[in-house]
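Chemist: Sharing a model prediction with you, sequence too.
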Amino acid sequence: ESLHSSIGLLGISAGSLLLAVHFYSLPRASPLIPSTALGVLLLILSSLLAYAGIRRSLRDASLFLSLCLTISVFWCGYGVVFILGGQGVLNDTGDFRNALVPGLVTFTLALLIIAVVGFLCREVILAMIASAVSLASAHEVATHYSTAFGSSAVACNYMIVCLVGGYFGLGRILYFLTKEKIALPGTDLATKRTHEPTQSTSGSVNHFAVTGLILNMLSASVFGCKLLGVTDKLFIGQVPWLWAAGIYQIGICILSYRAMDVLMATFFGFTSILKFAEGYCLLYLIWQPEEPSFPVPFLVVFSILFVVLALFVTLKSPVDGLYLLFYVAYCIALACRPKGFFEGGPQGVDVAIFVASALMTLIHLYNVKASAKIPTGKGAVKALLARSSFLKLREGADLHAPYLGYSKYADAEVLGYACSVLASFAITMTGNPQAPLATVVIPWVVVAGGILKLLGGSVAFARGKTLESSAFILYAVMWIIWGLARYGGLYGTTRSFHAAVGIVAFMLFNGFIVFCTLFLNIAWFFYSLTFLLIAISFLLDAIHALPAGYDIAATLIFGLVSFYCFLSALFNSVFEGSCLPMGRPIVQLSGVGGGMTKCLHLPARKASSVKRIADILKNGGTCGIPTDTVYVLVAACNRPDAVEKAHQSKRQAQDRPMSLWISSLKQLEPAKHLFSPVLWDFMEAAWPSPISLVVPRGEWVDFLGMKDSAKYVGTPQSVAIRIPDCSVTTHLIDLVGPIVVTSANPTGEADTTHHNQVYAKLGNKVDAVLCDGPSPENIASTVVDCTKIDSGNIGFFRVGIIPKSQVLQILEQVQKK
């Protein structure tokens, strides 16, 4: 429970100790820790903090998560700036100040917000750490502008962080060593957790949004500081902040999909593209003195995508929707000015984004932690839409459930289609062959069309969408290779043949995808077919035979088809029913994927569903049901035909015999005299639980009315028996009688952890499925060998959810009795 909290806070303490030593030794001629070494150590600690924060997020610790990820980003950018300084890149006077100040200003404010919320919500240790690091950053900004401020003040603040973190670590060690008898104030996580209001895990709260908003503050700060005169120039020293923000923003995008928040994940994907482009523009100044220019059509399209996304976000939270409008203004400001990020207009919008992001960070963080919420108008739009008969918001547990299988991620297709739109409109700009990098195209094509599309493809694969993921990944590779080759000036006349051969290979792959989409839907067919037009345009360009205007026509057609798919995916993820349908398959298949399933899917929470499953089992059917562990395939003991059917549908291996489940020991009461007293007492103590006991086979089997089914259950010497710790399962056994059980997957495959997977894996071989969503556990039961229990020995065939130590403890208590 406390491991990731301890790692996180001790990691912050370690980094603070390094920085304290650095700032104490700063007045000396040579610092104690060289800049490069300090930078590398900070990078290592930042990755450790990111790990600790994300792992702890699974426990609902939103403030700890925000603190860890914020300091992780801070030290990532900070570390790279130190490395640049150590390697002599920041040589001019004031370079170090210009590089550091934008980041320090951001994290002073961001950590101050975390500290305020921490004190309000009684998270004292986290609030003290956040406020001390915030003060250290503020002091450091002051030292850069006034010699009256010494670096010792910064070091003192970092020492406070170090002492608080050390106190927490010592408290956890004492708590552990004294077996929970000594708990220093503020370090007892267990009692604190019981007082916290439990957050719902249905995807209504995205704990990662706060860090995403802080990253938006960071990138806005770099350009806002230049406009306000806080820094003198924009140069390579500020790239670490922008690209650290971009990399972390992609991480936040993935984690937002994990939190089932499609809209904010898409928004963070969009903002990461901007951050990489900003970094690219500052990096470009190294090899060219003049600023790069921007493709106007691209930024207009980007602003349209932001407007559409803002409208949909407004349906969930009007305040978030208003916040997105700042990015609409930002894209329009960039489109109006040919030099983009270097002009006053976009920098003015950056200042507004900085202020708005700070306010949104405060609102989001406070609303997640506090019981009294700051109103964001969440219910207002929902109340308006409730009166509409045309549009109904999608809600409920199955909102993000894929058709087959259980996924830990929401659908990323919205971002995938949006990236296709962006990449296609970016390449409408014809580059200058003499200065191929002078037009900012590479970030839009490589980051949007490539990296984020790969992300969309990976998430689609995790959701069981094999064809869509293959297409996204193929197109991503194509955009990355072609974007770098064409707009990086990497291929000339001599290499055109090789480029053409590669493009032909891609076209063959895409031809296969076009064929497959005939069986998917009309929209996907046109999406893959129009990409073929883009590939042809690449091919003609490679062999220098491109007709005038063909490439623009191809990219416009592909861009518009992608935009329709983007709108359709957005509508389908937010509203019930298909307002903008993707269409039916052009070629309808019978059999695989054709039509609806014949298998009944019944909700487990209804008593009537359990009764219907019981009737099916009594009539010789086989069913998939939820348990206290994973899903299982069951048949009634007194129906040998059903048991044989379950055995065959599973392709049951001889070394994995089927087991027997009962609902209570009363069902074995008539045969109690056939069990040894130790075994009977052990069964009483161990059940109900996820522990299967392998007991010697005997006449007791006949008391359960198994008849001819007995040959399929257990081995000739023994039988595995269990009472599950699941009310639905035991109620079903009460209605049917003892049941024969095996895991709901073909032998040798992974366990089934969602009701959709039962049908996906066993198909029409199962008559019905009792649906209860994802399994409570992903691990099967523990199987204990009790055949020699009378001599005081037990063995383990499989250690599952219940550890060995717990089973041995139960046996020890029984033996004492």
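Modeler: Yep, it's here. Numbering: from 1, shown residues only.
Chemist: show me where the stretch 351-500 of the chain has helices.
Modeler: With DSSP state H, counting those that start in this stretch, the ranges of helices along the stretch 351-500 of the chain come out as 378-386, 413-426, 442, 452-462, 466-487, 496-517.
Chemist: Check the ones you listed for me and report the most buried one.
Modeler: Among the helices of the stretch 351-500 of the chain, helix 413-426 has the highest mean neighbour count (mean count of other C-beta atoms under 10 Å), at a mean of 28. The C-beta positions use only the backbone N, C-alpha and C, and glycine is treated the same way.
Chemist: and the angle for that one with helix 466-487?
Modeler: With axes from the mean of the first three to the mean of the last three C-alpha atoms, to 10 degrees defining the directions, helix 413-426 sits at 30 degrees from helix 466-487.
Chemist: then helix 413-426 to CSV, C-alphas only?
Modeler: Output of helix 413-426 as CSV, limited to C-alpha atoms (Å, rounded to 0.1, in the frame of the first residue of the first chain):
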residue,chain,number,x,y,z
GLU,A,413,-10.3,6.7,-33.0
VAL,A,414,-11.3,10.3,-32.6
LEU,A,415,-7.7,11.4,-32.2
GLY,A,416,-6.6,9.0,-35.1
TYR,A,417,-9.0,10.6,-37.6
ALA,A,418,-8.2,14.1,-36.4
CYS,A,419,-4.5,13.4,-36.9
SER,A,420,-5.3,12.3,-40.5
VAL,A,421,-7.0,15.6,-41.1
LEU,A,422,-4.1,17.6,-39.7
ALA,A,423,-1.4,15.6,-41.6
SER,A,424,-3.2,15.8,-44.9
PHE,A,425,-3.8,19.6,-44.7
ALA,A,426,-0.2,20.2,-43.6
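Chemist: How far does that helix sit from its chain's centre?
Modeler: The gap between where helix 413-426 is centred and where its chain is centred comes out at 20 Å by C-alpha atoms, centre = their mean, to the nearest Å.
Chemist: Now do whichever helix or strand comes after it: which elements does it pack against?
Modeler: Once the chain leaves helix 413-426, the next helix or strand it forms, by DSSP states H and E, is helix 442. Helix 442 sits against helix 466-487, with contacts defined as 3 or more C-beta pairs under 8 Å, 6 or more residues apart in numbering; DSSP states H and E.
Chemist: okay, the angle between the helix it packs on and helix 496-517?
Modeler: Going by the same axes, to 10 degrees, helix 466-487 makes 160 degrees with helix 496-517.
Chemist: thinking again about what came up before, return the member of the helices of the stretch 351-500 of the chain having the minimum mean pLDDT.
Modeler: Lowest mean pLDDT within the helices of the stretch 351-500 of the chain: helix 378-386, at a mean of 74.
Chemist: tell me which strands and helices it is in contact with?
Modeler: Short answer (3+ C-beta pairs under 8 Å, 6+ apart): helix 378-386 packs on helix 296-316, helix 318-336.
Chemist: could I get the ones you listed as a markdown table with mean pLDDT and mean neighbour count?
Modeler: Shown next, in a markdown table, are the helices and strands packed on helix 378-386 (pLDDT from 0 to 100; neighbours: other C-beta atoms under 10 Å):
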| stretch | mean pLDDT | mean neighbour count |
| --- | --- | --- |
| helix 296-316 | 90 | 20 |
| helix 318-336 | 93 | 20 |
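Chemist: how about those, which one is nearest residue 610?
Modeler: helix 296-316 (35.4 Å; C-beta to C-beta).
Chemist: now that closest one and helix 378-386, what's the angle there?
Modeler: 90 degrees.
Chemist: Helix 296-316 - contacts with which helices or strands?
Modeler: Helix 296-316 packs on helix 262-284, helix 318-336, helix 378-386, helix 413-426, helix 550-574, going by 3+ C-beta pairs under 8 Å, 6+ apart.
Chemist: Output the ones you listed in CSV; the columns should cover distance to residue 467.
Modeler: Output for these, formatted as CSV (distance: least, C-beta to C-beta, whole Å):
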stretch, distance to residue 467
helix 262-284, 20
helix 318-336, 32
helix 378-386, 33
helix 413-426, 12
helix 550-574, 14
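Chemist: right, so of those helices, which gets closest to residue 757?
Modeler: helix 413-426 (21.2 Å).
Chemist: Now do that closest one: which elements does it pack against?
Modeler: For helix 413-426, the packing partners by 3+ C-beta pairs under 8 Å, 6+ apart are helix 262-284, helix 296-316, helix 452-462, helix 466-487, helix 522-542, helix 550-574.
Chemist: picking that back up, got the helices of the stretch 351-500 of the chain as CSV, with distance to residue 558 columns?
Modeler: Below are these laid out as CSV (distance: least, C-beta to C-beta, whole Å):
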stretch, distance to residue 558
helix 378-386, 33
helix 413-426, 5
helix 442, 19
helix 452-462, 13
helix 466-487, 10
helix 496-517, 12
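Chemist: closest to residue 176 out of these?
Modeler: helix 452-462 (35.9 Å).
Chemist: Quick check: residue 111 touching residue 69?
Modeler: No - assessed by C-beta atoms under 8 Å, residue 111 is found out of contact with residue 69, at 11.7 Å.
Chemist: What count of nearby residues applies to residue 100?
Modeler: 25 (other C-beta atoms under 10 Å).
Chemist: For stretch 280-290, report the contacting residues that lie outside it.
Modeler: Applying C-beta atoms under 8 Å, 6 or more residues apart in numbering, the contact partners of stretch 280-290 are 234-236, 238-239, 242, 291-292, 340-342, 435, 437-438, 440, 442-443.
Chemist: and if we set it to 10 Å?
Modeler: 89, 222-223, 233-239, 241-243, 246, 291-292, 294, 339-342, 435, 437-438, 440-444, 446-447 (C-beta atoms under 10 Å, 6 or more residues apart in numbering).
Chemist: Quick check on those: which are buried?
Modeler: For these, a burial check counting by 16 or more other C-beta atoms under 10 Å picks out 222-223, 234-239, 241-243, 246, 291-292, 294, 340-342, 437, 440-444, 446-447.
Chemist: domains for the chain, by residue range?
Modeler: 1-101+123-181, 206-379, 412-575, 600-816 (the TED database).
Chemist: Quick check: which of these is nearest to residue 588?
Modeler: Comparing those by C-beta to C-beta, domain 412-575 comes nearest, at 8.0 Å.
Chemist: I'd say residue 464 and residue 761 touch.
Modeler: No - applying C-beta atoms under 10 Å, one finds residue 464 not in contact with residue 761, separated by 11.7 Å.
Chemist: Mean pLDDT per helix and strand in the protein: which one sits at the bottom?
Modeler: Every helix and strand in the chain was compared by mean pLDDT, DSSP states H and E; the lowest is helix 189-195, with a mean of 48.
Chemist: Many thanks, have a good one.
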